[in-house]
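>>> give me a model of this one.
(chains A and B)
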There are 2 protein chains.
Amino acid sequence: MPKQGDSRELRTVWWEDGVVKLIDQTRLPGELVILECRDYREVAAAIKEMRLRGAPAIGVAAAYGIALGGNQWAQGSGDSLLGQVKQVAELMRATRPTAVNLFWAVERMLNRAHQVARGERDPGKIQKALLAEAERMAEEDVAVNQRLGRFGAALIKDGDSVLTHCNAGALATVDYGTALGVIRTAHEQGKRVHVYVDETRPYLQGARLTAWELKQLGIPATLITDSMAGHFIHLGRVNLVILGADRIAANGDFANKIGTYSLAVLAKENGIPFYSAAPTSSIDLAIPSGDHIVIEERDAWEVTHFKGIAIAPEGTRAANPAFDVTPNRYLTAIITEEGVIYPPFEEGLRKAVAQVQARRITPFTTSN
Amino acid sequence: MPKQGDSRELRTVWWEDGVVKLIDQTRLPGELVILECRDYREVAAAIKEMRLRGAPAIGVAAAYGIALGGNQWAQGSGDSLLGQVKQVAELMRATRPTAVNLFWAVERMLNRAHQVARGERDPGKIQKALLAEAERMAEEDVAVNQRLGRFGAALIKDGDSVLTHCNAGALATVDYGTALGVIRTAHEQGKRVHVYVDETRPYLQGARLTAWELKQLGIPATLITDSMAGHFIHLGRVNLVILGADRIAANGDFANKIGTYSLAVLAKENGIPFYSAAPTSSIDLAIPSGDHIVIEERDAWEVTHFKGIAIAPEGTRAANPAFDVTPNRYLTAIITEEGVIYPPFEEGLRKAVAQVQARRITPFTTSN
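Predicted coordinates for the structure are as follows:
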């Protein structure tokens, strides 16, 4: 993650003295503003308003939000705290419907709460365990992205030109990033990499966030409008496409930022590899295919207006699906912290999730 | 074309009392501002700055610009006027490189000037002939679009949902439009048509201009970002794609607004028809394929800024090709005023151009 003026390493979201702090991504790249949430409802609002976005980041933010809710109620009884934690969990779940990391993180926090409450009635200690779990998830996220980055970087050759969409960078995670983490690792390995950055309308995560991160990292980049991607792929200027995922179904179909499906088709038509990079927490084995993924429909206003200025005639009807689903047949491979998964995806995805669960059993049941 | 407050029928560009008037499309949809050009250099600047755009519209605007230049020099001798007309023609040619209608219109005006000057030395009369030619081109453009619209409307069924990109409407022509003229004709024939309007970054011709025209015409429309087109095509919500063309090579490869190639690939992948609607003046038989089309590269600032507000970090490098080239194999058919042309395109395109030239021989050599 880029550093602040005082050289302090920033994360996308963190806990500090009973406050959940996060970079307000709606203010980037113009200003680096830290939002301070003293109430769990502020965390939920920040996720809903996309002040913080990116599947892994909203998962960890929701976990911190639950820890914050626990903190607000730690004066009561253990039972009232547990009830409150469930309410906070419901609020977090209702913020955004598509990324599965959110539900995964909430579930993990609830499991932890119940687990601790079985042997411990002191609300202060339960809260402490919740915060510790959230902190563990944040640490794991960074470590996971770094592992994922090393696996993915092996797919990038010296001199490659990579196209990415939206922001799957440090700002979409706690730190380091997924798709951008892969590019960053390749860059750190000394490979010359050039990045085509889709601006990613309507929210401009590419122009505002990815271009900002790449500038901080010193990785050469060219910003393009989403409509230009096909042109540059067709001209042979792009060697591979790497982007994130908000939810990966058991068969490898995946939801990601709107526009991903188009890039998948363009990559296939032009014979270049198309990769999704995501932690195993983005894998949802409970759904057999992408048909079961709920696509978030956001306010039409985000399409018809820019910074409060109307770009379309008054009364214009607009659609605003935030994500689309790409069928697995377009995917060359899925890059995870457990390795690069090739088709047929179902087997590889199940194996990766099983490996992670097997490793987690120890800290999950014995630590507090 | 939509009407002004006083119900006067507007055109995109017209001649009035020695002044070339045009709708300043950079101000739409917020304001309907008429730009008045008293100097041919203002017409050239308006084309360059995209205050007026669209292949047919810039062709006719350039013709009016040449007539205006002639008017400014009609006090001198016939020879000095001819020399001046050539200079004005060069200035017009240098405004934008991709649309062939511009070169076609300039050539036609120069031919007319030389033709008249063979038998007439009075600069006032030469100027009159030039203005008459520009007016004829404007009238022809409207008539051509109406014919084209009738041919194209036969391809639209009642209940169809059409996707279009950029603006190929009344504002891209003198009036009526090409791709949007086809949709308009189908609508006027009583067919229920719904239009998905790509916003068309970076210049937002879809959001600003096409949405405005469709609203005036009462045709139901949904505005989407360019990145959403693939999603809606994949969901089966779009039955066909119709858009314009800025230059069609002899083999049917064609240049059109950046993003067209992506839509062509998406239409093919999903098995829906993909049409380009353009007058025969957009056909350039002098080039065998799209490889010979010069793609205009515009200022990066159009991508990195919106209404003067930076959307990317300072110093971000951006690409801004205004057009792309779509290979003929993606085209279902080309809709022209001479009929709908199907593959193999070369034969049909040559025949259409020959038909138009044969008809034009009479007025071209005998009228003044």
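
>>> in the stretch 201-350 of chain A, which spans are strands?
Ranges of strands within the stretch 201-350 of chain A are A:221-224, A:240-243, A:247-249, A:254-257, A:274-277, A:283-284, A:305-306, A:309-310, A:323-326, A:333-336, A:339-341, based on DSSP state E, counting those that start in this stretch.

>>> show residues contacting the third one.
Think strand A:247-249. A:55, A:98-100, A:254-255, A:276, A:278, A:282-284, A:287-290, A:292-293, A:334, A:349 (CB atoms under 8 Å, 6 or more residues apart in numbering or on different chains). C-beta here means a position set from N, CA and C on the backbone, and glycine is covered the same way.

>>> helix/strand/coil for the residue nearest to residue A:206 when sequence neighbours are not counted?
With sequence-adjacent residues excluded and distances taken as CB to CB, 6 or more residues apart in numbering or on different chains, residue A:206 is closest to residue A:200, at 3.9 Å. Three-state call for residue A:200 (DSSP: H, G, I helix; E, B strand; the rest coil): coil.

>>> residue A:200 reaches residue A:224, doesn't it?
No: the pair residue A:200 / residue A:224 is not scored as a contact, 10.4 Å apart, by CB atoms under 8 Å.

>>> for residue A:159, helix, strand, or coil?
coil.

>>> that one - how many residues pack around it?
By the measure other CB atoms under 10 Å in any protein chain shown, the count of residues near residue A:159 is 10.

>>> any idea how far it lies from residue A:186?
Separation of residue A:159 from residue A:186 (CB to CB, to the nearest Å): 11 Å.

>>> so what touches the helix or strand containing residue A:15?
Using DSSP states H and E, the element containing residue A:15 is strand A:13-16. Outside of strand A:13-16, the residues within contact range by CB under 8 Å, 6+ apart are A:20-23, A:52, A:57, A:60-61, A:64, A:67, A:131, A:134-135, A:138, A:174.

>>> my guess is residue A:250 contacts residue A:291. True?
No: using CB under 8 Å as the test, residue A:250 is too far from residue A:291 to be in contact (11.6 Å).

>>> between those two, who's got more neighbours?
Neighbours per residue (other CB under 10 Å) separate residue A:250 from residue A:291, with residue A:250 holding more: 20 against 11.

>>> and the nearest residue to the more buried one once chain neighbours are set aside, how many neighbours?
With CB to CB, 6+ apart as the criterion, residue A:250 has its nearest non-adjacent residue at 4.8 Å, and that residue is residue A:285. The local packing of residue A:285 (other CB under 10 Å) involves 16 other residues.

>>> count the residues that sit near residue A:139.
A count of nearby residues for residue A:139, using other CB under 10 Å, gives 13.

>>> before we move on, back to that, list just the nearest of the contacts of strand A:13-16 to chain B.
The closest of the contacts of strand A:13-16 to chain B turns out to be residue A:23 (CB to the nearest CB; 14.5 Å).

>>> okay, and the beta partners of the closest one?
residue A:34 (DSSP bridges).

>>> quick one: it from residue A:172, how far?
Per CB to CB, residue A:23 is found 11 Å from residue A:172.

>>> quick one: the helices in the stretch 51-200 of chain A?
Ranges of helices in the stretch 51-200 of chain A, per DSSP state H, counting those that start in this stretch, are A:55-72, A:78-93, A:100-119, A:123-153, A:179-188.

>>> could you export the strands of the stretch 201-350 of chain A to CSV, including columns for mean pLDDT and mean neighbour count?
Shown next, in CSV, are the strands of the stretch 201-350 of chain A (pLDDT from 0 to 100; neighbours: other CB atoms under 10 Å in any protein chain shown):
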stretch, mean pLDDT, mean neighbour count
strand A:221-224, 98, 24
strand A:240-243, 98, 26
strand A:247-249, 98, 28
strand A:254-257, 98, 29
strand A:274-277, 98, 26
strand A:283-284, 98, 26
strand A:305-306, 92, 16
strand A:309-310, 93, 13
strand A:323-326, 98, 26
strand A:333-336, 98, 26
strand A:339-341, 98, 19
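
>>> so which of these gets nearest residue B:215?
Minimum separation from residue B:215 across the strands of the stretch 201-350 of chain A (CB to CB) falls at strand A:309-310, 12.7 Å.

>>> name every strand pairing with the closest one and say which way it goes.
strand A:305-306 (antiparallel).

>>> show residues contacting the strand it pairs with.
By CB under 8 Å, 6+ apart, the residues outside strand A:305-306 that reach it are A:311, B:306-307.

>>> nearest to residue B:72, of those residues?
Within the contacts of strand A:305-306, the smallest distance to residue B:72 is 34.2 Å, found for residue B:307 (CB to CB).

>>> who's the closest spatial neighbour of that closest one, skipping the chain neighbours?
Residue B:307 sits nearest to residue A:309 (CB to CB, 6+ apart), 6.0 Å away.

>>> kindly state the beta-bridge partners for the one you found.
Beta-bridge pairing for residue A:309 (DSSP bridges): residue A:306.

>>> so it touches residue B:207, yeah?
No: using CB under 8 Å, residue A:309 is not in contact with residue B:207, being 11.5 Å away.

>>> just to revisit the earlier point, wait, which of the helices of the stretch 51-200 of chain A is closest to chain B?
When those are ranked by proximity to chain B, the top entry is helix A:179-188, at 14.8 Å, counting by CB to the nearest CB.

>>> check which helices and strands that closest one sits against.
Counting by 3 or more CB pairs under 8 Å, 6 or more residues apart in numbering or on different chains; DSSP states H and E, the packing neighbours recorded for helix A:179-188 are helix A:123-153, strand A:161-164, helix A:211-217, strand A:240-243, strand A:274-277.

>>> go with 6 Å
helix A:123-153, strand A:240-243 (3 or more CB pairs under 6 Å, 6 or more residues apart in numbering or on different chains; DSSP states H and E).

>>> could you dump these to CSV with distance to chain B?
Listed next are the helices and strands packed on helix A:179-188 as CSV, based on distance: least, CB to the nearest CB, whole Å:
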stretch, distance to chain B
helix A:123-153, 22
strand A:240-243, 12
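
>>> which of these is buried the deepest?
Burial of the helices and strands packed on helix A:179-188 is given as mean neighbour count (mean count of other CB atoms under 10 Å in any protein chain shown); strand A:240-243 ranks first at a mean of 26.

>>> quick one: strands adjacent to that strand?
As defined by DSSP bridges, the strand partners of strand A:240-243 come to strand A:161-164 (parallel), strand A:274-277 (parallel).

>>> burial count for residue A:84?
Residue A:84: 20 neighbours (other CB under 10 Å).

>>> residues of chain A that sit close to chain B?
When proximity is defined as CB under 6 Å from any CB of the partner chain, chain A approaches chain B at A:29, A:201-202, A:204, A:207, A:211-212, A:215, A:222-228, A:230-231, A:234, A:258-259, A:261-262, A:265-266, A:269, A:306, A:309, A:311-313, A:316-319, A:324.

>>> quick check on these: which are buried?
Buried by 16 or more other CB atoms under 10 Å in any protein chain shown: A:29, A:201-202, A:204, A:207, A:211-212, A:215, A:222-228, A:230-231, A:234, A:258-259, A:261-262, A:265-266, A:269, A:306, A:311-313, A:316, A:318-319, A:324, out of the residues of chain A next to chain B.

>>> next, the closest residue to residue A:209 other than its chain neighbours: phi, psi?
Leaving aside its chain neighbours, residue A:209 sits nearest to residue A:167 (4.0 Å; criterion: CB to CB, 6+ apart). Backbone torsions for residue A:167, taken as degrees, to the nearest 10, come to phi -130, psi 110.

>>> tell me who's in contact with whichever residue of the stretch 1-150 of chain A sits closest to chain B.
Per CB to the nearest CB, residue A:29 is where the stretch 1-150 of chain A lies closest to chain B, at 4.2 Å. Counting by CB atoms under 6 Å, 6 or more residues apart in numbering or on different chains, residue A:29 makes contact with A:208, A:212, B:313.

>>> ok so, going back, just put the strands of the stretch 201-350 of chain A in JSON lines and tack on distance to residue B:34.
Shown next, in JSON lines, are these (distance: least, CB to CB, whole Å):
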{"stretch": "strand A:221-224", "distance to residue B:34": "34"}
{"stretch": "strand A:240-243", "distance to residue B:34": "45"}
{"stretch": "strand A:247-249", "distance to residue B:34": "51"}
{"stretch": "strand A:254-257", "distance to residue B:34": "41"}
{"stretch": "strand A:274-277", "distance to residue B:34": "48"}
{"stretch": "strand A:283-284", "distance to residue B:34": "56"}
{"stretch": "strand A:305-306", "distance to residue B:34": "26"}
{"stretch": "strand A:309-310", "distance to residue B:34": "21"}
{"stretch": "strand A:323-326", "distance to residue B:34": "41"}
{"stretch": "strand A:333-336", "distance to residue B:34": "55"}
{"stretch": "strand A:339-341", "distance to residue B:34": "60"}
